[in-house]
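[1] Generate coordinates for the sequence data below:
(one chain, ligands or ions: 2)
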Amino acid sequence: MTKFKTLDDLGDLTGKVVLVRVDLNLPMDGVRVTDDTRVRASAPTILELADKGAKVLLLAHFGRPKGEKVSTMSVSMTLDAVQAVLGREVMFVPEIAGPVVAQSIGILQPGDIALLENTRFWKGEEANDPELAKAIAANADLYVNDAFSAAHRAHVSTEGLAHLLPSYAGRSMEAELKALEAALGQPERPVAAVVGGAKVSSKLDVLTHLVTKVDHLIIGGGMANTFLAARGVNVGKSLCEHELAPTCEAILASADKAGCTVHLPYDVVVAKEFAANPPSLRTCNVHEVAADEMILDIGPQATEALADVLKTCKTLVWNGPLGAFETPPFDAATVALAKSAAALTKEGALVSVAGGGDTVAALAHAGAAQDFTYISTAGGAFLEWMEGKALPGVTALEQAQ
Ligand code: ADP
Ligand code: MG
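    Ligands and ions are numbered 1, 2, ... in the order given. Below is the predicted model:
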């Protein structure tokens with residue numbers, strides 16, 4: 001298990017100033033926040049620190065202002081949503097360091113919460129500038145990182161501060177790291193990985209890493225087409241990266257060497273046009289795809305066989321839908337396998353961890369998300385973790401020990 005301090009290591013914090021890195025990069029419809037999931041994820045950490053008597057200063061980025069003060073990217077746009085989720089008043093401070101922050105801290109009472117401005121308004125943030133880190137740390141006593149989703153970045157607010165202040169993982173960070181550790185760190189075997197989505201090229205490092213870690217690699221989505229083509233299957237006009245055939249062969253060879261069984265579909269759902277319930281829709285063996293057809297989902301027989309594979313496994317990690325799930329009926333395989341995984345998890349037979357923007361949407365669409373052991377909403381950080389990379393924000397917390 002990775003070692004880092006958590007809020008359990010903190011006692012009474014009366015009057016202590018705690019910087020908390022949270023994820024407030026919330027989706028907006030222009031003026032209003034449309035999804036407050038990320039705020040809800042960090043609410044337990046924020047409230048726990050406030051209830052221990054700390055003066056809580058929230059640090060977050062919002063959009064990509066690239067070191068400029070862009071008024072439409074002020075993190076104050078999220079203030080109403082933050083206050084609504086926390087059920088407390090939050091003071092907005094239009095700076096992240098210096099005397100304005102110091103004065104605000106003077107006004108705050110123990111247990112009060114303030115939201116500091118968008119960290120990315122300052123060029124030093126993304127450059128991990130030690131001077132900016134020092135200036136921010138000068139106003140605070142402790143640092144808590146609760147933004148796993150930003151942990152793949154070595155920025156001041158995600159990494160630099162951990163070297164300057166006593167540092168702790170927040171509750172959401174802690175839960176994420178524990179779930180990921182259970183899935184790929186020290187998992188119960190056998191382990192299955194589902195990797196789907198559009199392109200092999202976007203997940204090459206994921207595949208290369210997983211074949212050395214898991215017992216079963218299930219490949220679906222557009223990337224299955226590329227693997228099938230590499231094996232000499234005619235995939236018609238399917239989404240396919242033909243030029244990656246040698247790469248696919250290398251991945252299959254290293255899977256073989258590592259004792260990892262790779263599962264490619266043997267039946268598929270095809271159509272001549274990409275539309276909802278198209279008249280040309282049919283299911284066929286992978287060797288029967290016509291030149292003018294495209295593979296848009298894996299077939300029912302393959303899906304059933306994959307569900308049987310999951311029954312033999314103790315751990316599942318899933319990234320990427322098995323088909324073009326946004327368009328019916330090409331969601332069928334993803335929905336069916338997600339339901340199987342959810343049922344096995346509910347029975348206590350499987351630890352299931354999933355992540356990725358479209359994957360989270362697909363599992364929610366399947367009605368399976370709430371039964372998975374853990375769903376990561378951290379897109380980029382989750383993928384880098386699946387690639388086996390060390391995440392700078394996490395490493396810094398471990399070094400802060
Ligand atoms: P995630 O965001 O979970 O990492 P990706 O972005 O890699 O997932 O892939 C999701 C996309 O892959 C979806 O938009 C889906 O429609 C598409 N996709 C899956 N299978 C196919 C297919 N056979 N043909 C075309 N697109 C596909
Ligand atoms: Mg995606």
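
[2] Give me the buried stretch members for the lowest-mean-pLDDT helix or strand in the chain, please.
    Least confident helix or strand, the chain: helix 379-386 with a mean of 91, by mean pLDDT, DSSP states H and E. Under the neighbour-count criterion of 16 or more other Cβ atoms under 10 Å, helix 379-386 has 379, 381, 382, 383, 384, 385, 386 buried. C-beta coordinates here come from the backbone N, C-alpha and C atoms, glycine included.

[3] Show me what it packs onto, helices and strands only.
    helix 204-210, strand 315-319, strand 351-355 (3 or more Cβ pairs under 8 Å, 6 or more residues apart in numbering; DSSP states H and E).

[4] Let me see the mean pLDDT of the last one.
    Right, strand 351-355. Averaged over strand 351-355, pLDDT sits at 96.

[5] now do the second one
    Mean pLDDT, strand 315-319: 97.

[6] which residues touch the next helix or strand after that strand?
    Sequence-wise, the next helix or strand downstream of strand 315-319 (DSSP states H and E) is helix 332-346. For helix 332-346, the surrounding residues in contact (Cβ atoms under 8 Å, 6 or more residues apart in numbering) are 194, 196, 220, 269, 297-300, 302-303, 306-307, 310-311, 316, 318, 321-323, 325, 350-352, 362-363, 365-368, 371-373.

[7] Mind doing that once more with 7 Å?
    Applying Cβ atoms under 7 Å, 6 or more residues apart in numbering, the contact partners of helix 332-346 are 220, 297-298, 303, 306-307, 310-311, 316, 321-323, 325, 350, 352, 362-363, 366, 368, 371-373.

[8] Could you do stretch 229-237 as well?
    For stretch 229-237, using Cβ under 7 Å, 6+ apart, the contacting residues are 225, 228, 240, 242, 245, 248-249, 286-287, 289-295.

[9] what do you get if the cut-off is 6 Å, keeping everything else the same?
    Stretch 229-237 has contacts (Cβ atoms under 6 Å, 6 or more residues apart in numbering) with 225, 228, 240, 242, 245, 248-249, 286, 289-291, 293-295.

[10] any idea how far residue 319 lies from ligand 1?
    As judged by Cβ to the nearest ligand atom, to the nearest Å, residue 319 and ligand 1 stand 5 Å apart.

[11] can you check residue 272 too?
    In terms of Cβ to the nearest ligand atom, residue 272 sits 14 Å off from ligand 1.

[12] dump the residue contacts of that residue.
    280, 292, 293.

[13] tell me which element the closest residue to it other than its chain neighbours falls in.
    Of all residues beyond its chain neighbours, the one nearest residue 272 is residue 280 (3.8 Å), with distances taken as Cβ to Cβ, 6 or more residues apart in numbering. Assessed by DSSP H and E, residue 280 sits outside every helix and strand.

[14] Could you report the pLDDT at residue 280?
    Note on residue 280: pLDDT of 98.

[15] for residue 401, same thing?
    61.

[16] ok so, going back, from the contacts of helix 332-346, which would you call buried?
    Listed as buried from these are 220, 297-298, 303, 306-307, 310, 316, 321-323, 325, 350, 352, 362-363, 366, 368, 371-373; burial here means 16+ other Cβ under 10 Å.

[17] Can you sort out which of those also neighbour ligand 1?
    321, 323, 325 (Cβ under 6 Å from any ligand atom).

[18] out of the residues you listed, which one sits closest to ligand 2?
    For those, the closest approach to ligand 2 (Cβ to the ion) belongs to residue 321, at 9.0 Å.
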